[in-house]
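*Asks:* Dropping the sequence and predicted coords here.
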Amino acid sequence: MSEAVSFLNGAEATHNGVTVRDAGPVGMVTLRGDLSAAKLKTAVKKITGQPVPGVRKSTVTGGKGACWMSPDELLIVVPHAEAAAAVAELESALAGGHFMAVNVSDARACLTLSGGVAAREVLAKIAPVDLSTAAFGAGDFRRTRMAQVAGAFWLDDAETFHVVCFRSVGHYVFGLLENGAKAGPVGVLA
Amino acid sequence: MLILECPCCGVKSEETEFHAGGEAHLKRFGPGSTDAEFEGYLFMRENKRGVHFERWRHVNGCGKWFLAARDTNTLEFFGFYPAQTHEPPQDIKDKISAKHPGWSWREFQ
Ligand SMILES: [Zn+2]
């Protein structure tokens, strides 16, 4: 077995109080199916310890949970080594029904962005999303455009953003966030 | 800048998070249709200044297709509704009528 290495191998950068970090290998499983089905709810609860998230919400805490991707899709987040087991669990729990569970851990890159209101501004520079504290709080999840690529992020209880994008554009997104931090605060969200 | 609201996930955002997918409510003419009907289905599109119905996709979001009614002149949207809808919902037609009494678009009015 080869050792899993994340897209920038743990790189980190801090400018003006905002820290961008390669979050390291994260286990991610795309699950498509009927999100209201009892079997699916039970399986998600068993794997993540949390109920199915509400519309545009994330339940990820301590590296485990799920994010609402679309009316028929969840992104299950688990430790990297547990992704294959999560797929196996979903496949046995949902067998016979119409669903899809795929391990996408190595297709994606995960970053974290922290620094309070300044971090919100860095993200607001590159995504068409209202990131004021009133509009976007802990547990909120959003799929959107980040400059020229698709991306998604959620905010945890510690005011840290968890950003997900395709691994092939991970370096680009890291650069976007780092440059946004370097440029300093704008002051609109302060 | 157009501001859209996706009826599938509820996100309200500007147009760069979405992608336009051409005219809505196209009626398919395939095998057995006349040449004129087939040509109309393939090539003939509305190009009005005013009330228009379009398909849009929330491409950088939930990924779903939906339909929208808007004014191509003012860039105002009248409403958004599911892709699985055969004609514009009555509440959206009423909103259009309030601003454009007597409007029509293809077979709808
Ligand atoms: Zn949407």
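*Replies:* Received it, and whenever you're ready, just let me know what you need.
*Asks:* hmm, what's the outermost residue in chain B?
*Replies:* B:Gly32 (27.2 Å; CA atoms, centre = their mean).
*Asks:* Quick check: it is in a helix.
*Replies:* No. Read with DSSP: H, G, I helix; E, B strand; the rest coil, B:Gly32 is coil and lies in no helix.
*Asks:* any idea how far the one residue in chain A that gets nearest to the ion is from B:Thr34?
*Replies:* Residue of chain A nearest the ion, by CB to the ion: A:Ser70 (7.0 Å). (C-beta placed from N, C-alpha, C; glycine too.) In this structure, A:Ser70 and B:Thr34 are 40 Å apart, going by CB to CB, to the nearest Å.
*Asks:* Confirm for me that the residue of chain A closest to the ion is in contact with B:Cys62.
*Replies:* Yes. Counting by CB atoms under 8 Å, A:Ser70 does reach B:Cys62; the two are 3.8 Å apart.
*Asks:* Contact residues of chain A facing the ion?
*Replies:* By CB under 5 Å from the ion, no part of chain A sits against the ion.
*Asks:* what are the ranges of the helices in chain A?
*Replies:* Secondary structure of chain A (DSSP state H): helices at A:38-48, A:83-93, A:116-126, A:170-182.
*Asks:* how far off helix A:38-48 does the second one point, in degrees?
*Replies:* By that I understand helix A:83-93. Relative orientation of helix A:83-93 versus helix A:38-48 (axes from the mean of the first three to the mean of the last three CA atoms, to 10 degrees): 160 degrees.
*Asks:* again with the last one
*Replies:* For helix A:170-182 against helix A:38-48, the angle between stretch directions is 70 degrees (the same axes, to 10 degrees).
*Asks:* How far does helix A:170-182 sit from its chain's centre?
*Replies:* 16 Å (CA atoms, centre = their mean, to the nearest Å).
*Asks:* Please list the residues outside it that contact it.
*Replies:* A:7-8, A:11, A:13-16, A:18-20, A:22, A:109, A:111, A:113, A:115, A:118-119, A:121-123, A:125-126, A:146-149, A:151, A:163, A:165 (CB atoms under 8 Å, 6 or more residues apart in numbering or on different chains).
*Asks:* And those residues, which of them are buried?
*Replies:* A:7-8, A:13, A:15, A:18-20, A:22, A:109, A:111, A:113, A:115, A:118-119, A:121-123, A:125-126, A:146-147, A:149, A:151, A:163, A:165 (16 or more other CB atoms under 10 Å in any protein chain shown).
*Asks:* what sits opposite A:Trp68 in the beta ladder?
*Replies:* Counting by DSSP bridges, A:Trp68 is bridged to A:Leu74.
*Asks:* That one against A:Thr59, yeah?
*Replies:* No. Using CB under 8 Å, A:Trp68 makes no contact with A:Thr59, being 9.0 Å away.
*Asks:* Please enumerate the shared neighbours of the two.
*Replies:* Between them, A:Trp68 and A:Thr59 share these contacting residues under CB under 8 Å, 6+ apart: A:Pro53.
*Asks:* Strands of chain A, start to end?
*Replies:* Along chain A, the segments classed as strands by DSSP state E run A:12-15, A:18-22, A:26-32, A:65-70, A:73-79, A:100-103, A:108-114, A:141-146, A:149-155, A:160-166.
*Asks:* now the fifth one: mean pLDDT?
*Replies:* It stands for strand A:73-79. Strand A:73-79 carries an average pLDDT of 98.
*Asks:* Need the pLDDT of A:Leu189.
*Replies:* pLDDT, read off for A:Leu189, is 89.
*Asks:* distance of it from A:Ile76?
*Replies:* With CB to CB as the criterion, A:Leu189 and A:Ile76 are 31 Å apart.
*Asks:* Counting neighbours, go ahead and name the busier of the two.
*Replies:* A:Ile76 (28 against 17; other CB atoms under 10 Å in any protein chain shown).
*Asks:* I figured the more buried one hits A:Met28, correct?
*Replies:* Yes. Between A:Ile76 and A:Met28 there is a contact under CB under 8 Å: 7.0 Å.
*Asks:* Quick check: neighbours shared by these two?
*Replies:* Counting by CB under 8 Å, 6+ apart, nothing touches both A:Ile76 and A:Met28.
*Asks:* where does chain A dip in pLDDT?
*Replies:* A:1 (pLDDT under 70).
*Asks:* and it, what are its domains?
*Replies:* According to automatic domain parsing, chain A comprises the domains A:12-24+A:107-182, A:26-106.
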